[in-house]
Each structure stands twice: as structure tokens, then as C-alpha cells.
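**Q** Return atomic coordinates for the entry below.
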Amino acid sequence: MPDLEQQEIPFEGRRFKNPKLRRGIFILPSLFTVGNLLCGYYAVVASLMGTRDDFDHAAKAIGFAILFDSLDGRVARMTGTNTEFGVQFDSLADVVSFGIAPAILAYSWGLHGLSGRDTVKIQQLGEMAWVLCLAFLVCCAWRLARFNVQGMAPGGSKFFVGMPTPAAAGMIAAIVHGFKSPLQDWRLSIAWFLLTAALGALMTSTIRYYSFKDLPWKRRQPSLTIVLLVVMIGAIWRYSEYVLVIFAGSYTVICVALHMIRLLRRRTVPRAA
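**A** Alright, predicted model coming up:
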């Protein structure tokens, strides 16, 4: 008869007898975090280079940083290696990849194509851009600190409070990847920097954003989820410039629209009563 105690021990509670294997398992999630940090650093360097291809490479690097950020937590939970050190290390990496990198990318992409124009106007625009991109970075750090203290929205892990930092950075990266060439019109640059600041405001807001953490991955036959995932990956691979902008923009706008609908319902229901 099998030992019932051994059957009831979850994977997270097992102890690896081999010390080297145990250390390797605990290092594994940190390797994904290092990959996240590496992508953020590369995105900063590529943004400073200032060519059309460099901006596109920076945007792609932020996209890969989002992928690594989504994997490090999942790997830690799957292997039972969640640690406070890993949480803090991940947050610091996120400040670089989803705060500093997109802020510098937005600043460079919005101003680089305006060189050689009206010097006074470009200088004024640069000062505004400097402040608004800094606001995005500050809001990113604020959002991460609040998440470390408060966690998800009350009632489970279905919603984030405020726009997730990878989503805000992904919105900037998707637009740069979709259009590639730096902006040539100062009016478009103003709209671009205002959008950057708006994304920062959404990160510090109390709007609920869907987390996608309740997808049926652990069911025996999550066929629909797998099919949708395969279709999405194929669409991104073939039409990344269009699909990523649509997906990032839809995620941003739909959650704001649902929040506005909830606010209107709360105001109209008491009046009707």
C-alpha cells in the first residue's frame, strides 16, 4: 500500500536532496528576471542610438522583457521557489524595463525626428517631454511599490488595481514598433508625450485591469485557451505591427470604458431607487 503522507505532499513542499539541484531550482526564476533586466538595458541603449531600426529593436526588447516578466513568477510558483528576494529583485528589474526603458524610448522617438526644425519650439517641446516622461517613470515606480504592499484587487487575483506596468510599457513599445520611423510633426509629438503621461496616470489609478490569471491552464482539456493562444502567437508573428497595437490599445481602452460604465451605474442606481 503506498505511503499516504508522501502522496499528500505538494510539489511546493518537497525538499530536493541534491544541494546543487536545489540551488539551481531557486536560481531558475532569477534567470528570467535577469533576462527581463537585460532586455530593459538593451532597450535603453538602442533608444539612445536614434536610428529607425534601433527604435524598433528597443520596442522589441521591451516586448521580450514582458515575456520574461510573465515567466519568472510562473516558474517560481511551479517550482515552489517563491522568495521575498525574488519579489524585490523582480520589482527592481521592472523599474528598468517598464519604467526607464519606455520613458527614454518615448522621449527619443518623439523628439529625434524633429532635429533641424525651429530650435526654440523644439527646446520648449523637449522640456515638456522631459517632464512628462519623468512622470511616466515616477508613476511606474509608484505602481510597483503599491503592488508590493497592497497586491491584487480585493476578492482574488482576477484584477490588478491600476494599469500593470508591463501593459503601459507595452503600449509605448507597440506604437513604436508599429510606426517605426520617429515622429516628424511637432503636433504629433505633443500628442505622443501626453499619451505617455496618460499611461503613467493609468498606472497610479484605481481602475481595475484584467490579469488573465484565471485562464483554464490547469484543466484537463483547456483546448479553447490553447487554440486562442496559438492563433494569437501566429498573428503576432505574421502581423506584429498591427496586432500588437490593436491588442495593447484595446486592453487600455476597454478597461477604462468598463470602469466608466461601473461609475455611471453606481450614480444612476441610487437615483432610480
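
**Q** helices or strands next to the helix ranked longest in the chain in the packing?
**A** With DSSP state H setting the assignment, residue counts place helix 223-272 as the longest helix in the chain. Secondary structure elements in contact with helix 223-272, counted by 3 or more Cβ pairs under 8 Å, 6 or more residues apart in numbering; DSSP states H and E, are helix 165-179, helix 186-204, strand 208-210. Quick note: C-beta positions are derived from backbone N, CA and C, even for glycine.

**Q** again, only using 10 Å
**A** Contact partners of helix 223-272 among helices and strands, from 3 or more Cβ pairs under 10 Å, 6 or more residues apart in numbering; DSSP states H and E: helix 52-79, helix 165-179, helix 186-204, strand 208-210.

**Q** Name the stretch among those that sits most buried.
**A** Mean neighbours per residue, mean count of other Cβ atoms under 10 Å, is largest over these for helix 165-179, with a mean of 24.

**Q** now that helix and helix 186-204, what's the angle there?
**A** Helix 165-179 runs at 160 degrees relative to helix 186-204, counting by axes from the mean of the first three to the mean of the last three Cα atoms, to 10 degrees.

**Q** What helices and strands are in contact with helix 165-179?
**A** Using 3+ Cβ pairs under 10 Å, 6+ apart, helix 165-179 sits against helix 19-49, helix 52-79, helix 84-95, helix 101-111, helix 119-150, helix 186-204, helix 223-272.

**Q** Now render those as JSON lines, adding mean pLDDT and distance to V161.
**A** Converted to JSON lines, the helices and strands packed on helix 165-179 look like this (pLDDT from 0 to 100; distance: least, Cβ to Cβ, whole Å):
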{"stretch": "helix 19-49", "mean pLDDT": "85", "distance to V161": "22"}
{"stretch": "helix 52-79", "mean pLDDT": "90", "distance to V161": "17"}
{"stretch": "helix 84-95", "mean pLDDT": "91", "distance to V161": "16"}
{"stretch": "helix 101-111", "mean pLDDT": "96", "distance to V161": "20"}
{"stretch": "helix 119-150", "mean pLDDT": "92", "distance to V161": "7"}
{"stretch": "helix 186-204", "mean pLDDT": "96", "distance to V161": "10"}
{"stretch": "helix 223-272", "mean pLDDT": "85", "distance to V161": "11"}
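
**Q** picking that back up, out of the helices and strands packed on helix 223-272, the one nearest C39 is which?
**A** With Cβ to Cβ as the criterion, C39 lies closest to helix 52-79 of those, at 3.7 Å.

**Q** Remind me what that closest one packs against, helices and strands.
**A** Helix 52-79 sits against helix 19-49, helix 84-95, helix 101-111, helix 165-179, helix 223-272, with contacts defined as 3+ Cβ pairs under 10 Å, 6+ apart.

**Q** now do 8 Å
**A** Checked by 3+ Cβ pairs under 8 Å, 6+ apart, helix 52-79 has helix 19-49, helix 84-95, helix 101-111, helix 165-179 packed alongside it.

**Q** Just tell me which of the ones you listed ends up closest to E241.
**A** helix 165-179 (4.5 Å).

**Q** OK, contacts around S47?
**A** Residues counted as contacts of S47 (Cβ atoms under 8 Å, 6 or more residues apart in numbering) are 54-55, 58, 101, 104-105, 107-109.

**Q** and which of those is nearest C133?
**A** Using Cβ to Cβ as the measure, the one of the contacts of S47 that approaches C133 most closely is Y107, at 4.5 Å.

**Q** so how far is L111 from the residue lying closest to L194 once chain neighbours are set aside?
**A** The shortest distance from L194 to any residue other than its chain neighbours is 7.0 Å, reached at L132 (Cβ to Cβ, 6 or more residues apart in numbering). Spatial separation of L132 from L111 under the definition Cβ to Cβ, to the nearest Å is 12 Å.

**Q** Repeat that for L28.
**A** Using Cβ to Cβ, one obtains 40 Å as the distance from L28 to L111.

**Q** out of those two, which sits in the busier spot?
**A** More neighbours surround L111 than the other of L28 and L111, with 22 against 15 (other Cβ atoms under 10 Å).

**Q** wait, doesn't that one sit right on G126?
**A** Yes: in terms of Cβ atoms under 8 Å, L111 counts as a neighbour of G126; the distance is 5.8 Å.
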